[in-house]
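can you look at this prediction? I've put the sequence above it.
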Amino acid sequence: MPRTYLVTGAASGIGEATAALLRARGHTVIGADLASGDIRADLSTAEGRDELAARARELTGGRLDGVVACAGVAQPDPLTVKVNHFGAVATLDGLRPLLAAGTDPRALVIGSIDSVHPTDPAIVDAALADDEERAVAASRAAVDRGEGQLVYSSSKAAVSRWVRRHAVTPRWAGAGIPLNVVAPGVVLTPMTRPLLDDPDMLKLVEQSVPMPLHGHAGPERITPLIAWLTSPDNTHVTGQVVFADGGADAVLRGDGTW
């Protein structure tokens with residue numbers, strides 16, 4: 001049965017590939033992105049987040065069956081936590097009423113294998129306290145002391161923990177809405193291409209994200225998992241961070257998490 005999805009970050013990478021797969025399966029997809037798509041919204045700002053929710057209501061008549069929050073950036077800059085955590089949370093919170101009115105509603109956020117790498121507790125704690133001003137200040141402090149790489153991992157760890165906390169609450173599980181995270185390894189997108197084209201950076205990437213199963217992935221390799229988790233077939237998987245990482249999490253953390 002055809003469904004209606006909203007995908008953020010739909011102009012490139014995993015978001016673009018997800019929208020293409022869902023459309024190929026006969027579903028309606030509303031694409032949202034910063035500079036193009038059905039909805040143009042800057043998810044780093046309160047105004048952009050409000051615009052996303054308002055336009056989604058207009059375009060859908062107040063009903064959505066699936067939301068895939070793919071929009072993200074990977075810069076050593078406070079912008080990263082504003083988009084990756086606060087933008088994603090605002091997307092989910094803002095569109096939850098539309099999902100509640102939909103049929104077999106499902107929601108998903110794109111996380112990252114970087115969430116298992118070192119993070120900055122000050123950034124993560126502020127994000128989970130919903131204190132954007134403090135999270136931005138902590139991100140700026142990390143950059144100033146030469147640890148800007150922690151902003152990205154912290155943003156992905158924070159949004160993953162947010163999902164774990166909220167997926168089982170009355171607002172989500174109680175409303176029959178599975179909420180999950182898909183955490184890829186290294187995906188071949190415009191965001192990663194500059195790193196992978198640099199031999200020295202490629203070596204560092206492969207050391208920090210070892211992927212023994214098939215290596216780096218095209219975005220189209222991640223989308224079938226996203227499509228299943230946001231389909232009516234998924235009735236009981238919720239609150240999970242599902243790694244689609246070629247085995248990187250297993251290499252990096254072993255069996256110690258269990």
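Ah, there it is.

output the lowest mean pLDDT helix or strand found in this protein.
helix 193-196 (a mean of 82; mean pLDDT, DSSP states H and E).

show me which residues of the next helix-or-strand element following it are buried.
Per DSSP states H and E, helix 193-196 leads on to helix 199-208 as the next helix or strand towards the C-terminus. The neighbour-count check on helix 199-208 (16 or more other Cβ atoms under 10 Å) flags V205 as buried. Placement of C-beta: from N, CA and C, glycine included.

for the least confident helix or strand of the chain, which helices and strands make contact with it?
With contacts taken as 3 or more Cβ pairs under 8 Å, 6 or more residues apart in numbering; DSSP states H and E, helix 193-196 sits against helix 199-208.

now the helix it packs on: mean pLDDT?
For helix 199-208, mean pLDDT is 88.

what bridges to the residue positioned nearest the centre of the chain?
With distances taken as Cα atoms, centre = their mean, I110 lies nearest the centre of the chain, 2.4 Å away. I110 forms beta bridges with V182, as assigned by DSSP bridges.

my read: it touches I14, true?
Yes - using Cβ atoms under 8 Å, I110 is in contact with I14, at 5.9 Å.

need the residues touching each of those two.
C70, P184, I226 (Cβ atoms under 8 Å, 6 or more residues apart in numbering).

which of the residues in the helix or strand harbouring A137 are buried?
Per DSSP H and E: A137 is located in helix 132-144. Residues E132, A135, V136, A138, S139, R140, A142, V143 are the ones in helix 132-144 that count as buried (16+ other Cβ under 10 Å).
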